[in-house]
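**Q** Predicted structure and sequence below. I'll ask about it afterward.
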Amino acid sequence: MTDINLKGGKLSLEQLNTIFETIPVEFDFIDENDIIRWSSANRHRLFKRTDADLGKHVLEVHPGHSQGHVKQVLHDMHSGDRDSISIMIKHHGQPVNIAFYALRDDQNKYLGCVEVTQNVSKQQTKGAFWRNIMQVLYKK
């Protein structure tokens, strides 16, 4: 197996794919031209992506009601006015966090962004103390 050299260590391609398949978070890489180049493929995805979505402009995979917000976020990231944004929405009655993170090289050139989406209903603060205790005591 060939290792992939990363800052912080090495992983095999199988290990890297397994990480993205296992973590209950969805990741999408959107390049400097706002084209979707990669999406994590896991069973936890709230917003499905297919191979047909790769190569599409990011606005083609977002619903019409959110396109204005996505356009503004991308504009702000391209211009350097914003490096990240994290928003909360409801999706099928569940709280979902969607965050965008600008990716820049050492010269601050915009390389694209990562969109990270996660159902955060289990991370809600109400009852978190007891939930944490129960998770430590009763492993599933």
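**A** Received the coordinates, thanks. Keep in mind that this is a model prediction, so the values were computed, not measured.
**Q** In contact with Ser86, which residues are there?
**A** With contact set as C-beta atoms under 8 Å, 6 or more residues apart in numbering, Ser86 has these partners: 97-99. In this view, the C-beta of every residue, glycine as well, is placed from N, C-alpha and C.
**Q** count of residues packed around His91?
**A** Neighbourhood size, His91 [other C-beta atoms under 10 Å]: 12.
**Q** Test for you: state the pLDDT assigned to it.
**A** As predicted, His91 sits at a pLDDT of 84.
**Q** The closest residue to it other than its chain neighbours: what secondary structure?
**A** What sits nearest to His91 in space, not counting adjacent residues and going by C-beta to C-beta, 6 or more residues apart in numbering, is Leu46, at 5.7 Å. Three-state assignment for Leu46 (DSSP: H, G, I helix; E, B strand; the rest coil): coil.
**Q** Over to Asn108?
**A** Asn108 - assigned by three-state DSSP - is coil.
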